[in-house]
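Engineer: Build me a model from this:
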Amino acid sequence: MQSTDDSNGKRVVTVLARWGYAARGMVYLLVGGLAVLAAFGQGGGETTDSRGALESLLTAPHGRVVLGIIAFGLVGYALWRAIQAVIDTDSHGLGVKGIAIRSGLLISSFTHILLAGFAARLATALGQSSTESGNGSEGAVTWLMSQPAGRWLVAAVGVVIIGAGIAHGLKGWKARFHEHFDMPPDIQRWAYPVCRFGLVIRGLVFLMIGGFFIIAAYQFNPDEAGGLTEVFHTLQSQPFGPWLLTFVAVGLFSFGVYSLLEAIFRRVNI
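Structural biologist: Prediction:
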């Protein structure tokens, strides 16, 4: 009986993990696609973060149904991230590197459960638009700075985000995701370059966001903190801004494809 219960539990976690990867993929496909359109002023697209991308579904046919599906998937993803961190499903260990990775998984779990709640509120018509609710990064930094040693807490978050960015970049550059995939060779030929590009670009975005947090800590100014929207605005303000924005947007779209491939081919070890 115990073995049957364990098997059923593992099956449920596997389904939730795969649903979660798919939900994350859908979010990044929206973020990247909207940013590509915005780069050259096409189709009414606009640069936005994950919350803004979810809000864009409100005007789509059956958008609230899709939001509900994504919300449930993000809950599953948050649960899977927590399991990865606590049980150490990928054998990261208790060394400095392992603890850093597992801490990042816990942070990912927390951020995705918040995003799931936002999607659920939109799906049930109880959500508040991101423009009305303010910048999430600035709000979080304002709260952190009000705590004892708040400036150092903000700087520490920035360092963790930069560490995650480096880890993503290396994972993509060296194709370290290969050890977790059961993917046929004929699919690998086209999928692996897409996965590598998506991971490297997401790592670059994390480096920029982490830098924003450190600048905010140094200047003791929450307004200097920023998330994905600020990354897009920074890129747009540079020479050749539309091309830089397009490059990063395509990378984030590729990360969405990578997440969808994880939903199908990733080994879920429990």
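
Engineer: Could you tell me how far the residue nearest to residue 260 when sequence neighbours are not counted is located from residue 144?
Structural biologist: Once flanking residues are discounted, residue 260 sits nearest to residue 25: 3.9 Å by C-beta to C-beta, 6 or more residues apart in numbering. For every residue, glycine as well, the C-beta is placed using N, CA and C. Remark: distance between residue 25 and residue 144 (C-beta to C-beta, to the nearest Å) = 30 Å.

Engineer: For the residue nearest to residue 260, what is the enclosing helix or strand?
Structural biologist: helix 2-39 (DSSP states H and E).

Engineer: Please apply the same query to residue 104.
Structural biologist: Using DSSP H and E, residue 104 falls in helix 96-123.

Engineer: Go ahead and measure how far that helix is from the middle of the chain.
Structural biologist: 8 Å (C-alpha atoms, centre = their mean, to the nearest Å).

Engineer: Could you do stretch 95-110 as well?
Structural biologist: Using C-alpha atoms, centre = their mean, the offset of stretch 95-110 from its chain centre is 14 Å.

Engineer: Now it: buried residues?
Structural biologist: For stretch 95-110, a neighbour-count test (16 or more other C-beta atoms under 10 Å) marks 100-102, 104-105, 107-109 as buried.

Engineer: mind checking the end-to-end distance for stretch 89-104?
Structural biologist: 14 Å (C-alpha to C-alpha, to the nearest Å).

Engineer: how about the helices of the stretch 151-270 of the chain, start to end?
Structural biologist: Here the stretch 151-270 of the chain has its helices, by DSSP state H, counting those that start in this stretch, at 185-219, 228-236, 241-265.
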